[in-house]
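# Give me the fold of what follows.
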Amino acid sequence: MKYRLLVDLEAIAVLDAIPKKKRALLLERFVSLRSSPDQYADDHERDISGRRIEIHIYAGYAIHYWIDFADRHVKILTLKVAQ
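As a prediction, this is how the structure comes out:
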């Protein structure tokens, strides 16, 4: 079952600054995350409220997202250059 994809404005601003080819790759991965969000996590961390935040490394970027099972949302919170 697909989830609804929600992307934070700060992540969108980062996407806008990325070259077109890499941006297209990341957008394709966002769509893949929507279909199977639990299959892509490479690591995780906890936010200040204790929610599990998944981290997926792809195309040189770290995608931080939260799987909201109750609302059936995948919420992309941040997009950062991977270290």
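# Look through this protein and tell me its longest helix.
As assigned by DSSP state H, the longest helix anywhere in the chain is helix 20-35.
# Tell me the buried residues in it?
26, 29-30, 33-34 (16 or more other CB atoms under 10 Å). Quick note: C-beta positions are derived from backbone N, CA and C, even for glycine.
# Run through the neighbouring helices and strands of that helix.
strand 4-7, helix 9-16, strand 52-58, strand 61-68, strand 73-81 (3 or more CB pairs under 8 Å, 6 or more residues apart in numbering; DSSP states H and E).
# mind checking how far the third one is from the chain centre?
When you say that, I think you mean strand 52-58. 7 Å (CA atoms, centre = their mean, to the nearest Å).
# So for it, what gets flagged as buried?
So, applying 16+ other CB under 10 Å, buried residues of strand 52-58: 53-56, 58.
# same deal with the longest one?
When burial is assessed from 16+ other CB under 10 Å, strand 73-81 yields the following buried residues: 73-77, 79.
# Dump those into a markdown table; add distance to residue 20 and pLDDT as well.
Below are these laid out as a markdown table (distance: CB to CB, whole Å; pLDDT from 0 to 100):
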| residue | distance to residue 20 | pLDDT |
| --- | --- | --- |
| 73 | 27 | 96 |
| 74 | 24 | 97 |
| 75 | 25 | 97 |
| 76 | 19 | 98 |
| 77 | 23 | 97 |
| 79 | 16 | 97 |
